[in-house]
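Undergrad: sequence first, predicted model second:
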Amino acid sequence: MEQQQIIHSVVFSLKHPHGSAEESAFLQDGKSALSSIPTVNHFQVFREISPKNTYDYGFSMVFNSREDYEAYNVHPKHVEFVTERWEKEVVQFMEIDYSEI
């Protein structure tokens, strides 16, 4: 069976004020930590522009296989970022993981 890429996206809002140093640090630190994990490809950071939802930002990345995705989830850098930053600074989020049909 052929391996399919997985796109992992999460939209979220932070407790920090828009334009603050804390907001900027979180987004930059997230990009730096998570994009350095070996199985992560095409890491991107987005700012929400639609008034249709209440989320402010997005992270998106691509994995070459389910195994790569699972390795990311347990990688020490991911676990540390979630524990030390995400759980303390994110007020709401929605995660979507999908592959092409």
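TA: Arrived safely. Predicted model, so just to flag it, every value in this text is computed and none were measured.

Undergrad: give me the nearest residue to the residue most central in space within the chain, chain neighbours excluded.
TA: Nearest to the geometric centre of the chain sits residue 59, at 3.7 Å (C-alpha atoms, centre = their mean). Ranked by C-beta to C-beta, 6 or more residues apart in numbering and with sequence neighbours excluded, the top spatial neighbour of residue 59 is residue 10, at 5.3 Å. To be clear about C-beta, it is placed using only N, CA and C from the backbone, and glycine gets the same treatment.

Undergrad: spell out the secondary structure type for that neighbour.
TA: strand (DSSP: H, G, I helix; E, B strand; the rest coil).

Undergrad: my guess is it contacts residue 90. True?
TA: No. The criterion here is C-beta atoms under 8 Å, and residue 10 misses it with residue 90 at 9.0 Å.

Undergrad: and the longest helix along the chain, what's buried?
TA: Secondary structure of the chain read by DSSP state H shows that its longest helix is helix 21-35. Under the neighbour-count criterion of 16 or more other C-beta atoms under 10 Å, helix 21-35 has 23, 26, 27, 30, 33, 34, 35 buried.

Undergrad: per-residue pLDDT, the residue nearest to the centre of the chain?
TA: At residue 59, the model reports a pLDDT of 98.

Undergrad: what pairs with the helix or strand where it lies, and is each one parallel or antiparallel?
TA: For residue 59, the host element (DSSP states H and E) is strand 57-63. Its sheet considered, strand 57-63 pairs with strand 6-14 (antiparallel), strand 41-47 (antiparallel) by DSSP bridges.

Undergrad: where does pLDDT dip in this structure?
TA: Applying pLDDT under 70 to the chain flags residues 1-2.
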